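Trainee: Pasted the sequence and its predicted model underneath.
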Amino acid sequence: MSFIQNPHDKFFKETMGDPDVAQDFLTNYLPAEVMQVMDLGHLSLEKDSFIDQELEEAYSDLLYKTRIDGKEGYLYFLFEHKSYQEPKLALRLLKYMVKIWEQKTKESEPGGLPVIIPLLIYQGEQQWAGEPSFSSLFAGLEFMPDKIKRYIPDYEYVIYDFSPDSGHEIKGNVKLRIYLEMYLIENVTL
């Protein structure tokens with residue numbers, strides 16, 4: 001069991017670690033096309049963290065198991081609580097996703113890898129400026145022929161930008177709205 005040194009991390013994990021609050025958040029903020037294949041009735045919290053030790057002060061994470069299109073899948077919450085933007089976040093998220101896949105393949109019988117939908121919750125002073133796709137990190141990719149592009153792995157993460165200029169409305173039940181108002185919008189220091 002790891003000791004939570006950061007009060008922001010503890011608050012995030014206690015609040016979003018409640019499956020009812022996480023379900024409320026996902027219901028209100030996941031894109032509609034994702035919600036169509038998501039079975040949030042099977043949402044269960046996994047105990048592991050995949051954050052590097054040197055980044056524990058900057059990020060918190062939670063992994064939820066669920067069913068996506070009838071198959072085992074995961075929702076990986078990454079919460080950024082230092083209010084800065086990381087240009088290569090897609091690379092870091094991919095590293096964490098690989099750790100999850102490695103762990104899951106050790107725990108179960110051989111088979112296909114489970115789907116992981118990465119979600120970033122951001123609350124900085126300025127809107128998130130980075131592209132939420134892994135392929136955006138490759139220089140000049142847009143000019144390369146499709147024959148080359150097919151060798152480049154790609155995925156996108158879902159970003160919830162709660163910066164003051166994002167214009168996002170706070171949604172959800174009371175507990176979720178209080179959490180978002182207190183921590184994300186007003187940047188209350190715990």
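Mentor: Nice, thanks for sending it over.
Trainee: Tell me the first helix or strand C-terminal of the longest helix seen in the chain.
Mentor: Determined from DSSP state H, the single longest helix within the chain is helix 89-107. The C-terminal neighbour of helix 89-107 among helices and strands, as given by DSSP states H and E, is strand 115-122.
Trainee: Show the average pLDDT along that following strand.
Mentor: Across strand 115-122, the average pLDDT comes to 90.
Trainee: Quick one: name whatever helix or strand follows that strand.
Mentor: helix 146-149.
Trainee: just checking, what packs against the helix-or-strand element of the chain with minimal mean pLDDT?
Mentor: When each helix and strand of the chain is scored by mean pLDDT, DSSP states H and E, helix 7-16 comes last, with a mean of 77. Counting contacts by 3 or more C-beta pairs under 8 Å, 6 or more residues apart in numbering; DSSP states H and E, helix 7-16 packs against helix 19-29, strand 59-68, strand 71-80, helix 174-179. Where C-beta positions appear, they are placed from N, C-alpha and C, glycine not excepted.
Trainee: Buried residues, the second one. List them.
Mentor: Applying a neighbour-count criterion of 16 or more other C-beta atoms under 10 Å, the buried positions in strand 59-68 are Tyr59, Ser60, Asp61, Leu62, Leu63, Tyr64, Thr66, Ile68.
Trainee: just the last one next, same as before
Mentor: Of the residues in helix 174-179, those buried by neighbour count under the rule 16+ other C-beta under 10 Å are Leu176, Tyr179.
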